[in-house]
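**Student:** Fold the following for me, if possible:
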Amino acid sequence: MEEISKNELRKIWVIYLLLNCEKKYQQDLIKELNKIAQKFLEKEIEYREIDLILEYDPDEAVDSRYYNGDEFDYEFFMDEKTYKISLEELTDSFEMGKEGDVSEVERILEEWEGIGPEELNGLDSDDWPMEVAHLIDLRELYLKKLKKITDPMVSIILKELREEGILETVAFKRGGRGPSPNQHYLKQDPDALSKILIKLLNPKLSLFSYSNFVAKMMSSVYLNNLINIDTVKTLENNLKISFNEEEREIILKIIKISPNALSKVLEYSQRKFFSGHLMLSLEESSYENKKFLLFELQFLLGEDIKRMSFVNSKIKYKITVSFEGEFTEEEEGKIFQNVKKNELNTTLFPISKEKGYNYLLYSDNSPL
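**Tutor:** As a prediction, the model looks like this:
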């Protein structure tokens, strides 16, 4: 899958840093972004260094083949290795690399595989054995640690987030030279929230990034300030569907913990569309769509539970699929629901042969 652009990822991190609803100066955002970047690099470097140390450290060798009685056979241990290098040489290259000096890493790579320093930039590490791949990647990571997220980079991000309707800036006059005195914060409206969710639910994000970004979002002050029972009532008005009090409460509980369900509710609250169920009256159509909507939100919650690192609520989620139950022709294609305080139970009898279907048509999808 194509990776998300660095520019788009930086936007998400700026959003992440503003979810507590505090106004922040650009210089503070730069400091926090650099701190996060360094933390990620340090973790990645540590992982790759440990992998190599475990491979070449005699103290980590547990295979009985390397022991002659109680005595460790270091020569045999090294004969088994793909490359002949001492642990001391490796750790020296690590220490120098952390200081920004990659000359020892480059020397090892040239000695092992004849790869000169000028060939290393842009080299695909996947094409090499584990040891070489890790050293190629470590060289890149050590060099990356020397780089910083700069004022111009963040200025571009803030400008684009403002243009997208996500960010607000409180402008102050600059008193001479120095850092920008402007303060930045997330717009407090459902449209901005919807745009933020679209960014966080980007399928190009890695699973780690997705699960942490959306979990943070769903437990944030920002979201808590915007999502309440009025969100559900806005949905009702736009869909021309009437929910009872228990249905409203269960929808609110779902959208406060499920980013996909919340995104869907905001989408349905803002779009202009007409809907219906074939061969049914308008009143019956609204009733069927209400049940299908509740089922859809229930399903989206399940999708999020599968991917999120944590859910900001104590819930029990049950799925039951039965291939044995018989149902009548009248039940086929119907949804049966029981909504009570804190619980939503849905039973769906899918249509077993072609004869009609629920449909939802958006006016902006019309070919006219």
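**Student:** from the chain's centre, how far out does the host helix or strand of residue 8 sit?
**Tutor:** Taking DSSP states H and E as the definition, residue 8 sits inside helix 6-17. How far helix 6-17 lies from its chain's middle: 11 Å, per CA atoms, centre = their mean, to the nearest Å.
**Student:** What helices and strands are in contact with it?
**Tutor:** Applying 3 or more CB pairs under 8 Å, 6 or more residues apart in numbering; DSSP states H and E, one finds that helix 6-17 makes contact with helix 26-56, helix 151-163, helix 190-200, helix 207-218. Heads up, the C-betas are built off the backbone N, CA and C, glycines and all.
**Student:** Distance to residue 94 added to these, as TSV?
**Tutor:** Shown next, in TSV, are those (distance: least, CB to CB, whole Å):
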stretch	distance to residue 94
helix 26-56	5
helix 151-163	29
helix 190-200	35
helix 207-218	24
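**Student:** of all those helices, which lies closest to residue 236?
**Tutor:** With CB to CB as the measure, helix 190-200 is the member of these nearest residue 236 (14.5 Å).
**Student:** The residue lying closest to residue 19 once chain neighbours are set aside and residue 329: what is the separation?
**Tutor:** In this structure, residue 19 finds its nearest non-sequential neighbour in residue 220, 3.8 Å apart by CB to CB, 6 or more residues apart in numbering. From residue 220 across to residue 329, the span is 48 Å (CB to CB, to the nearest Å).
**Student:** These two: who's more crowded?
**Tutor:** residue 220 (19 against 7; other CB atoms under 10 Å).
**Student:** Look up how far residue 332 lies from that one.
**Tutor:** In this view, residue 220 and residue 332 are 43 Å apart by CB to CB.
**Student:** wait, residue 13 sits on residue 30?
**Tutor:** No. Contact status for residue 13 versus residue 30: not in contact, 11.3 Å apart, counting by CB atoms under 8 Å.
**Student:** Could you list the buried residues of stretch 328-345?
**Tutor:** Neighbour counts over stretch 328-345 (16 or more other CB atoms under 10 Å) mark 333, 335, 337, 339, 344 as buried.
**Student:** Also stretch 86-98?
**Tutor:** Buried residues in stretch 86-98, counting neighbours by 16+ other CB under 10 Å, are found at 90, 93, 94, 97.
**Student:** Show the contacting residues for the third one.
**Tutor:** Contacts here follow CB atoms under 8 Å, 6 or more residues apart in numbering; on that basis residue 94 touches 49, 138.
**Student:** Is it correct that it falls within a strand?
**Tutor:** No. Using DSSP: H, G, I helix; E, B strand; the rest coil, the secondary structure at residue 94 is helix, not a strand.
**Student:** From residue 336, how far out is it?
**Tutor:** For residue 94, the distance to residue 336 equals 62 Å [CB to CB].
**Student:** now residue 305
**Tutor:** Residue 305 is 23 Å from residue 336, by CB to CB.
**Student:** What pLDDT is listed against residue 363?
**Tutor:** Model confidence at residue 363, given as pLDDT, is 34.
**Student:** let's number from 333 now, not from 1
**Tutor:** Noted, 333 is the first residue going forward, which turns the last one into residue 695.
**Student:** Take stretch 590-609, keep the C-alpha atoms, and write them as PDB.
**Tutor:** Presented in PDB, the C-alpha positions along stretch 590-609 are these (Å, rounded to 0.1, in the frame of the first residue of the first chain):
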ATOM      1  CA  SER A 590     -16.000   4.600  17.700                       C
ATOM      2  CA  PRO A 591     -14.200   7.000  15.200                       C
ATOM      3  CA  ASN A 592     -15.700   5.300  12.200                       C
ATOM      4  CA  ALA A 593     -19.300   5.400  13.600                       C
ATOM      5  CA  LEU A 594     -18.800   9.100  14.600                       C
ATOM      6  CA  SER A 595     -17.400   9.900  11.100                       C
ATOM      7  CA  LYS A 596     -20.500   8.200   9.600                       C
ATOM      8  CA  VAL A 597     -22.900  10.100  11.800                       C
ATOM      9  CA  LEU A 598     -21.200  13.400  11.000                       C
ATOM     10  CA  GLU A 599     -21.400  12.500   7.300                       C
ATOM     11  CA  TYR A 600     -25.100  11.700   7.500                       C
ATOM     12  CA  SER A 601     -25.700  14.900   9.500                       C
ATOM     13  CA  GLN A 602     -24.200  17.100   6.800                       C
ATOM     14  CA  ARG A 603     -25.100  15.500   3.400                       C
ATOM     15  CA  LYS A 604     -28.300  16.200   1.500                       C
ATOM     16  CA  PHE A 605     -29.800  13.000   0.300                       C
ATOM     17  CA  PHE A 606     -33.000  11.100  -0.300                       C
ATOM     18  CA  SER A 607     -33.500   7.600   0.900                       C
ATOM     19  CA  GLY A 608     -36.100   4.800   0.900                       C
ATOM     20  CA  HIS A 609     -36.900   1.100   0.900                       C
END
